[in-house]
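*Asks:* my questions concern the predicted model and sequence given below.
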Amino acid sequence: GVECAQEAIDGFGADNSLTPNLGSKTTKDTRLFDFGAPGPDASPIKIGKFNFFELPKAWDGKDAKFTMAWDRAAFVAIHPESRDKYAKALADQMAPGGKVLMCTMSYDTSKMDGPPFSLSPEQVEKHCGPYFGIEELDTRSIIDSNPNFKQRGLNEIHEHTFLLTRKAA
């Protein structure tokens, strides 16, 4: 996987009782964390700490594309004027037929500015549709479980979950 926040990488290791072997450090802000295989029949887990827009070719030692990805909060953290760039970068990293589980949220932007930035299903289609087939899996209100959004002036916010499938390039 790819992550830009050291806190998230450390949290992944702690949550899964895994300690990474530190791979080669390419700059002060990039490194490959190899957590090994969590079980005898499991594949190794590697997380690269990189700027997603500057992901080096063959960052994991192979010239391979991702077959699966989870965008838990990246797209909603991207400033709206960079959404096309992000969608293209995501598509460029995915193998044809590769799957992306994507979570976004939408809200009244006159009441709150991001981040997280509002990203409706229509906006996901606009930015990702040229590269991915898109299936909306779930939409739910999250205002009651996230009081910080009420404090920021919202009365309603919806979380959307999508399954994106990379189209042939």
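*Replies:* Thanks, I have the structure now. No experiment lies behind these values; they were computed from the predicted model shown.

*Asks:* in stretch 95-109, which residues are buried?
*Replies:* Across stretch 95-109, burial judged by 16 or more other CB atoms under 10 Å covers 98-100, 102-107. C-beta here means a position set from N, CA and C on the backbone, and glycine is covered the same way.

*Asks:* any chance of CSV for these, columns pLDDT?
*Replies:* Shown next, in CSV, are the buried residues of stretch 95-109 (pLDDT from 0 to 100):
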residue, pLDDT
Gly98, 93
Lys99, 95
Val100, 95
Met102, 96
Cys103, 96
Thr104, 97
Met105, 96
Ser106, 97
Tyr107, 97
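
*Asks:* quick check: closest non-adjacent residue to the residue positioned nearest the centre of the chain.
*Replies:* Closest residue to the average C-alpha location of the chain: Asp71 at 2.3 Å, with CA atoms, centre = their mean. Excluding the flanking residues, the one nearest Asp71 by CB to CB, 6 or more residues apart in numbering is Met102, at 4.3 Å.

*Asks:* look up how far Leu18 lies from the one you found.
*Replies:* 25 Å (CB to CB, to the nearest Å).

*Asks:* what is the burial count for Pro121?
*Replies:* 15 (other CB atoms under 10 Å).

*Asks:* distance from the centroid: which residue in the protein tops it?
*Replies:* Max radial position in the chain (CA atoms, centre = their mean) goes to Pro40, at 27.6 Å.

*Asks:* so that one, which of the three states?
*Replies:* Judged by DSSP: H, G, I helix; E, B strand; the rest coil, the three-state class of Pro40 is coil.

*Asks:* nice, that's everything, thank you.
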